[in-house]
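K.L.:
all I have is the shape, not the residue letters:
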């Protein structure tokens, strides 16, 4: 099936602001993307109503991306749960105002925070996650928005690394307000068979992010992209494919995403080459 291809503004900048969005969104639409991922690192970074009007005029479908910075956690030992719930409510309210159907991110613990767990400790962490997520899921469903929880690789979290762990932790909560957000970068690191993991998530995929196996250009890497898209077909996912990569020009994001070298000759080239490659794999419109 043919899917809309989007791109995350983290490819070029962080944090996103009204000014940077006003500059980037027309460029992104001009490149031929049909969607845009909008990170909300802090509640007041950009204005949702202003973004809605800008994107509507450009024909770009929005996806809101949450950022689990220091202290943001739905697990007691890793951060402030009530404050994190309020942040996620802000993400939902922003999505509703900007017209996004999905809010995606690793909504369990701060990115980059890891710790060892016994089986009993993991059981308690999962219980906390379910308990602290449930009211947010209900609110998301009432608003017609789906939260997409993203498994991350072992170097960025010790809570949810694989699709199987995500299915085990959140299966009782899956429905209109909750699904999994899959990222091919993390699938490449953690899954023995990424395509099998995608198929295992059938019916529960809220959003999909893509990038090269080195976090760079799609198609200039070892990922079997035809097999990946076929697995998404088999899983029944017909949503947006969001290109997520990062710029090393911003010190904060370079450190957070471990971008120590250029991933492409330019960020524009990373975006346009990825889009062209993915479009070439899709059925004709």
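P.N.:
Noted; the coordinates are in hand. This is a predicted model, so every value here is computed, not measured. Numbers count the residues shown, from 1 in each chain.
K.L.:
and the strands in the stretch 1-150 of the chain, which stretches?
P.N.:
All strands of the stretch 1-150 of the chain, identified by DSSP state E, counting those that start in this stretch, fall at 5-8, 35-40, 61-66, 102-105, 146-149.
K.L.:
the second one to strand 61-66, inter-axis angle?
P.N.:
Using axes from the mean of the first three to the mean of the last three C-alpha atoms, to 10 degrees, one finds that strand 35-40 and strand 61-66 are set 30 degrees apart in direction.
K.L.:
which strands or helices does strand 35-40 pack on?
P.N.:
strand 5-8, helix 18-31, strand 61-66, helix 81-98 (3 or more C-beta pairs under 8 Å, 6 or more residues apart in numbering; DSSP states H and E). For every residue, glycine as well, the C-beta is placed using N, CA and C.
K.L.:
take these and lay them out in JSON lines including mean neighbour count and distance to residue 155.
P.N.:
As requested, the helices and strands packed on strand 35-40 are exported to JSON lines (neighbours: other C-beta atoms under 10 Å; distance: least, C-beta to C-beta, whole Å):
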{"stretch": "strand 5-8", "mean neighbour count": "25", "distance to residue 155": "20"}
{"stretch": "helix 18-31", "mean neighbour count": "16", "distance to residue 155": "28"}
{"stretch": "strand 61-66", "mean neighbour count": "25", "distance to residue 155": "20"}
{"stretch": "helix 81-98", "mean neighbour count": "19", "distance to residue 155": "22"}
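K.L.:
could I get those as TSV with mean pLDDT?
P.N.:
Below are those laid out as TSV (pLDDT from 0 to 100):
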stretch	mean pLDDT
strand 5-8	98
helix 18-31	98
strand 61-66	98
helix 81-98	98
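K.L.:
coming back round to it: between the strands of the stretch 1-150 of the chain, which one is closest to residue 21.
P.N.:
strand 35-40 (7.5 Å; C-beta to C-beta).
K.L.:
which residues sit against the closest one?
P.N.:
If you take C-beta atoms under 8 Å, 6 or more residues apart in numbering as the criterion, strand 35-40 is touched by 4-10, 14-16, 21, 25, 28, 46, 51, 55, 60-67, 90-91, 94, 98, 100, 209, 240, 242, 244.
K.L.:
tell me the mean pLDDT for it?
P.N.:
Strand 35-40 carries an average pLDDT of 98.
K.L.:
neighbouring strands - and their directions - for it?
P.N.:
strand 5-8 (parallel), strand 61-66 (parallel) (DSSP bridges).
K.L.:
give me the contacts around the longest one.
P.N.:
Meaning strand 61-66. For strand 61-66, with C-beta under 8 Å, 6+ apart as the criterion, the contacting residues are 4, 6, 8, 10, 34-40, 51-52, 55, 87-88, 91, 94-95, 98-105, 107, 207, 240, 242.
K.L.:
run the angle between it and helix 81-98 for me.
P.N.:
170 degrees.
K.L.:
got the angle between strand 61-66 and helix 18-31?
P.N.:
130 degrees.
K.L.:
quick one: distance of strand 61-66 to the chain centre.
P.N.:
Strand 61-66 has its C-alpha centroid displaced from the chain centroid by 8 Å (C-alpha atoms, centre = their mean, to the nearest Å).
K.L.:
which residue sits closest to residue 250, ignoring its sequence neighbours?
P.N.:
residue 14 (5.1 Å; C-beta to C-beta, 6 or more residues apart in numbering).
K.L.:
and if you look at residue 235?
P.N.:
Using C-beta to C-beta, 6+ apart, the nearest residue to residue 235 is residue 202, at 4.1 Å.
K.L.:
need phi/psi at the one you found.
P.N.:
For residue 202, the backbone dihedrals (degrees, to the nearest 10) come out as phi -50, psi 130.
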